[in-house]
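Q: need coordinates for the below:
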Amino acid sequence: MIKARKAVYCLFDTGEAVKVNVDVYDNDSSDPVRGFFQMNGSGGFAIAAERAAGKVYTALKANNLSVGRYSAMFDLSMEEETELLNIGGQSGGLSFALALASELTGTEHPEVAATGIIEADGTISLVKEDDFKAKLDGACRVLSNGGLILYPEKNQVPGDTRLRLVEKGIGIIPVNSIAQALRLSGISPMFFPKRKAPFTPFQKKKRYAWILSVALLAMILLWGLLYIQPSSKPEIKSMQSNLPSAPLKLLPNKGFE
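A: So this is what the prediction gives:
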């Protein structure tokens, strides 16, 4: 039985946590990867959607995961569509990226709530501290035991909020990049560090020469311990045996003359 994937929530400074929905459409191999937000009225969310689509694709391909070019359409499960026109900012980028990766990989994962701005280089920058606590409160309300909150590592979780989250069994995970977020969230469990390039013939010869040198040095040291030190004792004995012995002289016994 295949278990359903859990939701990914976008966090707001109003204390709301809203589920992220994403539809993925295949592109031609010559088309670029694109990301869109359902309502283009919010410039910040449109930028967040575009960066989330591109950076997730880059991260997956960099780790040898098979994924074709696509277009991703993001939406939020809000009660009224008119509410989408009143939201803005780019801090939804991290939640968009996690929801997209969940859709692409199809992996089972815990409930996740996230906030963070995706920069052009794929790093996650901090959100406003004044809004951060309200977003954590929203995550605490919507997540259950075993859920995860991902947030920029430069933001600081207040002590009282951290205590409430821990008591409820919610994990608190700071991240600094899309790649790290995918790995630590469990959304992409096959996410491994990038494989090293294979050795060139020259590198192989250099490696074998180094191993041979170490082995030869070890043999020399072992030979010295086994043969050089014990052989010094017989040499000393032989030197002692070659010393001339003084002749024994018998003195006359004058007492019997």
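Q: quick one: the helices in the stretch 151-257 of the chain?
A: Here the stretch 151-257 of the chain has its helices, by DSSP state H, counting those that start in this stretch, at 159-168, 178-185, 201-223, 229-241.
Q: residue contacts, residue 150?
A: Listed by CB atoms under 8 Å, 6 or more residues apart in numbering, the contact set of residue 150 reads 94, 98, 112-116, 173-175, 181, 184-185. All C-beta atoms are positioned from the backbone trio N, CA, C, and that covers glycine.
Q: narrow those residues to those in strands?
A: Here DSSP state E is the test, and those give 112, 113, 114, 173, 174, 175 as lying in strands.
Q: these two touch, right, the last one and residue 152?
A: In this case it means residue 175. Yes: using CB atoms under 8 Å, residue 175 is in contact with residue 152, at 7.1 Å.
Q: partners of the top strand by length along the chain, with directions?
A: As assigned by DSSP E, the longest strand anywhere in the chain is strand 17-26. Applying DSSP bridges to the sheet, strand 17-26 is found paired with strand 8-11 (antiparallel), strand 70-76 (antiparallel).
Q: mind listing what's buried along the shortest one?
A: Of the residues in strand 8-11, those buried by neighbour count under the rule 16 or more other CB atoms under 10 Å are 8, 9, 10, 11.
Q: the residue nearest to the last one when sequence neighbours are not counted: neighbouring residues, count only.
A: Nearest residue to residue 11, sequence neighbours excluded (CB to CB, 6 or more residues apart in numbering): residue 135, at 3.7 Å. Using other CB atoms under 10 Å as the criterion, residue 135 is surrounded by 27 other residues.
Q: residues contacting residue 135?
A: If a contact means CB under 8 Å, 6+ apart, then residue 135 has 11, 12, 13, 15, 115, 127, 151 as its contacts.
Q: mind doing that once more with 7 Å?
A: Going by CB atoms under 7 Å, 6 or more residues apart in numbering, residue 135 touches 11, 12, 13, 115.
Q: what's the answer for residue 145, then?
A: Counting by CB under 7 Å, 6+ apart, the residues that residue 145 touches are 168, 169.
Q: what is the burial count for residue 34?
A: When neighbours are counted by other CB under 10 Å, residue 34 comes out with 17.
Q: figure out how far stretch 138-146 is from the centre of its chain.
A: 24 Å (CA atoms, centre = their mean, to the nearest Å).
Q: straight-line length of it, end to end?
A: 16 Å (CA to CA, to the nearest Å).
Q: go through it and flag the buried ones.
A: Per 16+ other CB under 10 Å, stretch 138-146 contains these buried residues: 138, 139, 140, 142, 143.
Q: again, but for stretch 158-173
A: For stretch 158-173, by 16+ other CB under 10 Å, it's 161, 165, 170, 171.
Q: also stretch 32-52?
A: For stretch 32-52, the neighbour count (16+ other CB under 10 Å) marks 33-39, 42, 44-52 as buried.
Q: now residue 31: closest residue in space that isn't a chain neighbour?
A: For residue 31, the spatially nearest residue (CB to CB, 6+ apart) is residue 69, at 5.8 Å.
Q: what's the local residue count around that neighbour?
A: 15.
Q: ok, it - contacts?
A: 27, 29, 31, 33.
Q: what mean pLDDT does stretch 55-63 have?
A: For stretch 55-63, mean pLDDT rounds to 91.
Q: buried residues in that stretch?
A: Within stretch 55-63, the residues scored as buried using 16+ other CB under 10 Å are 55, 56, 57, 59, 60, 63.
Q: identify the bridge partners of residue 75.
A: Residues in a beta bridge with residue 75, per DSSP bridges, are residue 21.
Q: burial count for it?
A: Residues within reach of residue 75, counting by other CB under 10 Å, total 19.
Q: pretty sure it contacts residue 10?
A: No: using CB atoms under 7 Å, residue 75 is not in contact with residue 10, being 10.5 Å away.
Q: one step back: return the item of the contacts of residue 69 having minimum pLDDT.
A: Lowest pLDDT within those is found at residue 29 (88).
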